[in-house]
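>>> heads up, no residue letters with this:
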């Protein structure tokens, strides 16, 4: 099977008729004859024609009438602007906020999904100061573990390698210092609890 329908520049070949049928349904069933844009459903195609190619709808829009139809079939709601229709779809029909709401204007040619990919990294505002404090404490512990001058380095215990050479032991493991700093930032005992007031057990302030 071959498909030579527009917008293909060259005919496309298909081994199975089912593949050709799927291709025809996805790319040629709901295509606008005016601008050749493709749409996922007949309902969205009709909304596209009404919003982009219908002169009567354009006149009604200029008069301030509600002309933007809902994407959901069976919903008779019309909105004044595309932004209000977007809010209607999100609030009433539970559409995701990253839905491609411009589908009735641009179509789906060249798109793999009707969802817009968002690659923004989310980070809580409160976690950044805590991370900075943990890094600061880890650096402090690391500096305390590393000798400050050559004299102190010479006092480090040494070990003999299998080849007979004397090697000095390495400073404290930086991972252990990071872990120590992170654990020191945690507070396991509430500040309202104090130990020892002349009697056994805990006592509140």
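Yep, that arrived. For clarity, every value in this text was computed on a predicted model and none was experimentally measured.

>>> From now on I want contacts and neighbour counts done on CA atoms only, so please keep to that.
Noted.

>>> how deep is residue 44 tucked in, by neighbour count?
22 (other C-alpha atoms under 10 Å).

>>> is it true that it touches residue 73?
No. With contact defined as C-alpha atoms under 8 Å, residue 44 does not count as touching residue 73 (9.1 Å).

>>> so what sits against both of these two?
In terms of C-alpha atoms under 8 Å, 6 or more residues apart in numbering, residue 44 and residue 73 are not both contacted by any residue.

>>> wait, is residue 75 part of a strand?
No. Using DSSP: H, G, I helix; E, B strand; the rest coil, the assignment for residue 75 is coil, not a strand.

>>> Give me the distance between it and residue 132.
52 Å (C-alpha to C-alpha, to the nearest Å).

>>> lowest confidence element among the helices and strands of this structure?
helix 150-154 (a mean of 47; mean pLDDT, DSSP states H and E).

>>> Which residues are in contact with residue 85?
Contacts of residue 85 (C-alpha under 8 Å, 6+ apart): 68, 69, 70, 78, 79.

>>> Out of those residues, who's the most crowded?
residue 69 (23 neighbours).

>>> Just grab the bridge partners of that one for me.
Beta-bridge partners for residue 69, by DSSP bridges, are residue 78.

>>> so what pLDDT did it get?
If you check residue 69, the pLDDT there is 96.

>>> Who are the contact partners of it?
Contacts of residue 69 (C-alpha under 8 Å, 6+ apart): 47, 76, 77, 78, 79, 85.
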